[in-house]
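**Q** Provide a 3D model corresponding to the input given below.
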Amino acid sequence: MHVVKYFGLIIAVVLSLSGCTAQHGLVFSNRDWHVSEYFGQLIDADTTWRVTFGERLIPAQLPVISCEDSLRRYPGMDRFLADILYTTRFDSAEILFYAPHMATMLVKPHGVMPPLRPSSVSSPMGDERPYTMWVSRDDVEEWQRTAGEMYTYTYFDRRKKRLLVVDFYDYGDEPVAQIFVFQSTTALTDRMRIPCLLSCPFSFKHDISKLERDVEFWSNAVDGHRQLAIANYKIGQEQLKRRLDREAIRRADSLLAGYGYKEALRIYKGIPPRRLTAPMAMKAAIAAAQCDEDSVALSYVKVALDADSTYFDERISVTELLEDCRLLPEWGSLQEENERRIEKARPDYDISLRRQLLEIYHSDQDTRGRWIMAHRENPTDQSKLACLCAEMLRTDSVNKVKALRLLDTHGWIPRSKVGTANQALFFVVQHAGSAIIDRYMPIFEAAADAGELPKDLYAKMYDRQQMYAGKPQKYGTQRVMDATTRQMILWKIEAPDSVNHLRREVGLPPLVTCPQ
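**A** Numbers count the residues shown, from 1 in each chain. Take a look at the predicted model:
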């Protein structure tokens, strides 16, 4: 009798110690989760993980256990989870979350799971309807899951009144185990004091231990959970693609900042347009324009405007980085659409003044664009080129009167009033000759110092002023026609060894070759 008592005492101590070990052995990812209002999914704070529960009502205040603090709210939950992980052979796995009312637990196993015969195998997971093969109990194959497969295991415990269905698959590029916990109400579940949600009970009043021979119950439990796992597998693949896209975008942005336009464009082209945000698409447009792929640049501008109904980018109208795109037929309608968005988003703009500036800008640039196009098509057609030059001079004369009147009346017109349309003043003065540049240079210098005029534009005006004065330029932005070769060559540079450093400071791409 005493031996039996001591033996019972030893068992009690061992069980107690195992409970303590289980409590301290649980490893959590410590992620914050919330219920998405738009997708009916559970999503973590940085949107790395998204998990769907199918077409079910998900309470907005869904209890989610994903850290030690949330674990302590429910007495006995530590042993409950530890027992589930022990039963499913995921003792050391990292718990991403356990949502009791959704009967779902998601864990990341540590290390490679040892070969174990599954109940079924579903593959290939990327198909619209993966094929499921049931595994017989006497199968002796060495089971080792591949990335395109999902292994399903089932564990039924009559005494604990619990059914566990484990789907083991890859979420993105990480193996995960999604555990369906079908639990009948017991003394243990009552002690946890999990709040009752009528639409999604934590435990079930009926005794599943009496359903051992209910084939319909088992097939519904396993098949229904498999469909959720397949859906989450596909979500994981989409999340992986988005993560890889974000990493690629960071590389492309870095290359763009370092003037690596060709390589940046190659990366942008490798990302499906539907996964580009509006700012990303505009960067891709700039890279394409810098590579003289104007039609590609235009397509990315369209992507930018389509990606966000409220998006606009003033660079569409006035940046030199996209200047050649204005020669394409679709450009005008895109600019009109952009202007409508700007007016709606910027009610504080002086729309009348902004339109005056844009009209000046477009008339200044459009004639030059037609001259560039004509020169590209037939550089020997001197008659047509001369005609366009005469038209350009007439337009410049009209624009000069308009622009100088605005400068004399308003001074530099701030961006808060007209947006980047104020850069039209720069282009007119830049084309107006040395006397006008000298007269208004202090205004442009002050605007550049205040961040109202891009530094690269100021650098071009400064270089042109130096060139007109017969002095070497500082930033290498001005070219003149060689009288012998009739080719455009760089005007002499003040400090050739440091010119690319100076250009980088003002946001200009480096010169590939530079005269010494």
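**Q** in the stretch 1-150 of the chain, which ranges drop under the pLDDT threshold?
**A** Along the stretch 1-150 of the chain, segments meeting pLDDT under 70 span 1-24.
**Q** now the strands: where do they sit in this structure?
**A** Using DSSP state E, the strands assigned to the chain run over residues 27-28, 33-35, 41-44, 50-52, 94-99, 104-108, 120-123, 131-134, 150-157, 162-171, 174-183, 479-481, 488-490.
**Q** With distance to residue 264 and mean neighbour count added, can I get the ones you listed in TSV?
**A** Quick note: C-beta positions are derived from backbone N, CA and C, even for glycine. Converted to TSV, those look like this (distance: least, C-beta to C-beta, whole Å; neighbours: other C-beta atoms under 10 Å):
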stretch	distance to residue 264	mean neighbour count
strand 27-28	40	17
strand 33-35	35	17
strand 41-44	31	20
strand 50-52	29	20
strand 94-99	35	23
strand 104-108	34	22
strand 120-123	38	19
strand 131-134	42	11
strand 150-157	38	19
strand 162-171	30	23
strand 174-183	29	21
strand 479-481	25	11
strand 488-490	25	13
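**Q** quick one, which of these is nearest to residue 255?
**A** Smallest distance to residue 255 across these (C-beta to C-beta): 25.0 Å, for strand 488-490.
**Q** which residues of this structure score low on pLDDT?
**A** Checking the chain against pLDDT under 70 turns up 1-24, 197-201, 211-222, 318-321, 512-516.
**Q** Dump the strands of the chain to TSV, plus distance to residue 403.
**A** TSV is the format used below for the strands of the chain (distance: least, C-beta to C-beta, whole Å):
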stretch	distance to residue 403
strand 27-28	64
strand 33-35	53
strand 41-44	52
strand 50-52	53
strand 94-99	61
strand 104-108	63
strand 120-123	68
strand 131-134	70
strand 150-157	67
strand 162-171	59
strand 174-183	59
strand 479-481	24
strand 488-490	26
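**Q** I'd like to know which of those is closest to residue 473.
**A** Per C-beta to C-beta, nearest to residue 473 of the strands of the chain: strand 488-490, 8.2 Å.
**Q** Please name every helix or strand in contact with that closest one.
**A** Where contact means 3 or more C-beta pairs under 8 Å, 6 or more residues apart in numbering; DSSP states H and E, strand 488-490 is packed against strand 479-481.
**Q** which helix is the longest one in the protein?
**A** For the chain, the longest helix by residue count, based on DSSP state H, is helix 215-257.
**Q** same for that one, what does it pack against?
**A** So helix 215-257, by 3+ C-beta pairs under 8 Å, 6+ apart, packs with strand 50-52, strand 120-123, strand 150-157, strand 162-171, strand 174-183, helix 261-269, helix 278-290.
**Q** Pull the distance from that helix to the chain's centre.
**A** Centroid displacement of helix 215-257 relative to its chain, using C-alpha atoms, centre = their mean, to the nearest Å, is 15 Å.
**Q** again with stretch 413-420
**A** In this view, stretch 413-420 has its centroid 30 Å away from the chain centroid, taken as C-alpha atoms, centre = their mean.
**Q** could I get the helices and strands packed on helix 215-257 as a markdown table with distance to residue 305?
**A** Below are the helices and strands packed on helix 215-257 laid out as a markdown table (distance: least, C-beta to C-beta, whole Å):
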| stretch | distance to residue 305 |
| --- | --- |
| strand 50-52 | 28 |
| strand 120-123 | 41 |
| strand 150-157 | 41 |
| strand 162-171 | 34 |
| strand 174-183 | 36 |
| helix 261-269 | 17 |
| helix 278-290 | 7 |
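**Q** closest one to residue 362 among these?
**A** Residue 362 lies closest to helix 278-290 among those, at 17.5 Å (C-beta to C-beta).
**Q** in the closest one, what's buried?
**A** 278, 280-290 (16 or more other C-beta atoms under 10 Å).
**Q** next one: stretch 298-305
**A** Quick answer for stretch 298-305 (16+ other C-beta under 10 Å): 298-301, 303-305.
**Q** repeat for stretch 423-437
**A** 423-432, 436-437.
**Q** what's it in contact with?
**A** Stretch 423-437 is contacted by residues 318, 357-358, 360-361, 364-365, 396, 399-400, 402-404, 406-407, 412-413, 440, 444, 453-454, 457, 460-461, 464-465, 468-469 when judged by C-beta atoms under 8 Å, 6 or more residues apart in numbering.
**Q** again, 6 Å this time
**A** With contact meaning C-beta atoms under 6 Å, 6 or more residues apart in numbering, stretch 423-437 is reached by 318, 357, 360-361, 364, 396, 399-400, 403, 440, 457, 461, 465, 468.
**Q** Which of the residues you listed lies at the shortest distance from residue 484?
**A** residue 468 (22.4 Å).
**Q** Not counting residues beside it along the chain, what's closest to the closest one?
**A** Nearest non-adjacent residue to residue 468, counting by C-beta to C-beta, 6 or more residues apart in numbering: residue 434, 3.6 Å away.
**Q** how close does that neighbour get to residue 368?
**A** Distance, residue 434 to residue 368, using C-beta to C-beta, to the nearest Å: 19 Å.
**Q** Same question for residue 401.
**A** Applying C-beta to C-beta, the value for residue 401 to residue 368 is 19 Å.
**Q** quick one, which of those two is more surrounded?
**A** Counted by other C-beta atoms under 10 Å, residue 401 and residue 368 do not tie: residue 368 has more neighbours, with 18 against 10.
**Q** how near is the closest residue to the more buried one other than its chain neighbours to residue 112?
**A** Once flanking residues are discounted, residue 368 sits nearest to residue 392: 6.4 Å by C-beta to C-beta, 6+ apart. Distance of residue 392 to residue 112, computed by C-beta to C-beta: 71 Å.
**Q** With residue 486 instead?
**A** 70 Å.
**Q** try residue 196
**A** Taken as C-beta to C-beta, the span from residue 196 to residue 112 is 40 Å.
**Q** just the buried residues of helix 278-290 now: which is nearest residue 105?
**A** residue 280 (36.1 Å).
**Q** Can you name the residues that contact that closest one?
**A** Residue 280 sits next to residue 249 when contact means C-beta under 6 Å, 6+ apart.
**Q** so who does residue 402 touch?
**A** Taking C-beta under 6 Å, 6+ apart, we find residue 402 in contact with residue 360.
**Q** again, 10 Å this time
**A** Applying C-beta atoms under 10 Å, 6 or more residues apart in numbering to residue 402 gives the contacts 356-357, 359-360, 363, 424-425, 428.
**Q** next one: residue 276
**A** With the criterion set at C-beta under 10 Å, 6+ apart, residue 276 makes contact with 245, 249, 268, 282-284, 300, 303-304, 306-307.
**Q** Give the residue from residue 392 and residue 112 that has the larger number of neighbours.
**A** Counted by other C-beta under 10 Å, residue 392 and residue 112 do not tie: residue 392 has more neighbours, with 17 against 9.
**Q** Quick check, the more buried one in contact with residue 367.
**A** Yes - if you go by C-beta atoms under 10 Å, residue 392 and residue 367 touch, sitting 4.6 Å apart.
**Q** Centre-most residue in the chain?
**A** In the chain, the residue lying closest to the centroid (C-alpha atoms, centre = their mean) is residue 246, at 5.0 Å.
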